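Predicted model and sequence follow; I will ask about them next.
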Amino acid sequence: MANWKCGECGHTKDSRCKPKKCPQCGSSKGFAKAEEACETSE
Ligand SMILES: [Zn+2]
């Protein structure tokens, strides 16, 4: 699964496919693929 980050508000979402729109700000073109969520940053 990939991690997607909204370029508008910074909201992140785990989804196999690119989200159609951000559930937080409603942006439909702000998503960019972030790093594959394999590691946790602690
Ligand atoms: Zn957003």
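Noted; the coordinates are in hand.

quick one: the strands in this protein?
Per DSSP state E, the chain carries strands over the ranges 2-6, 12-15, 31-33.

Run the contact check for the last one versus the ion.
No. Counting by Cβ under 5 Å from the ion, the ion has no neighbours in strand 31-33; the shortest distance is 7.9 Å. (Glycine included, C-beta is placed from N, CA and C.)

What pairs with that strand, parallel or antiparallel?
Partner strands and pairing direction for strand 31-33 (DSSP bridges) are strand 2-6 (antiparallel).

Quick check: residues of the protein near the ion?
The chain comes close to the ion at residues 6, 8-9, 11, 22, 24-25, 27, as judged by Cβ under 5 Å from the ion.

Nearest residue to residue 7 in space, ignoring adjacent ones along the chain?
residue 30 (4.0 Å; Cβ to Cβ, 6 or more residues apart in numbering).

Next: residue 31.
If you skip the residues right next to it in sequence, residue 31 has residue 4 as its closest partner in space, 4.8 Å away by Cβ to Cβ, 6+ apart.

Enumerate every residue touching the one you found.
The neighbours of residue 4, taking Cβ atoms under 8 Å, 6 or more residues apart in numbering as the test, are 12-15, 18-19, 31-34.
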